[in-house]
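Novice: Generate coordinates for the sequence data below:
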Amino acid sequence: MPAFCKLQDYVRAEYVPRTRLSVAASGLPDGSAYYALLVREQTSTDLGVDEIHGIGLKEVARLCKAIEHHDGVLSSPARLTALARAITTSTSTSPNRGPSER
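Specialist: You can find the predicted model right below:
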């Protein structure tokens, strides 16, 4: 038990005070360039981060409109919650699928 107390003291006194407040890459030195590099490496496009973000916003708007269109099917919050859960937990809709699954 003394080892755990020592670890707890270290985490509280030394480790936590030196951590960053943000997990965003932009909080790092040259963070914007680093993030742009990650986007280029993780996507199959040469579009910039702002362009990709814009595409994402348009897609969210399109999906919201499609959901509103199917209001009869998704008329209750419980059904909408179930749909959202199914989408977020399905391996077929996961962005982390391997290349052979795309």
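
Novice: so how far is the first residue of stretch 39-59 from its last?
Specialist: Using C-alpha to C-alpha, to the nearest Å, one end of stretch 39-59 lies 18 Å from the other.

Novice: What residues sit buried inside it?
Specialist: For stretch 39-59, the buried set under the neighbour-count rule, 16 or more other C-beta atoms under 10 Å, comprises residue 39. Every residue, glycine included, has its C-beta placed from N, CA and C.

Novice: Show me what the helix or strand hosting residue 41 packs onto, helices and strands only.
Specialist: Assigned by DSSP states H and E, residue 41 belongs to helix 31-42. Packing partners of helix 31-42 (3 or more C-beta pairs under 8 Å, 6 or more residues apart in numbering; DSSP states H and E): helix 49-69.

Novice: Provide the contact partners of the helix it packs on at residue level.
Specialist: Residues from elsewhere that reach helix 49-69 (C-beta atoms under 8 Å, 6 or more residues apart in numbering): 35-36, 39, 43, 45, 47, 74, 80.
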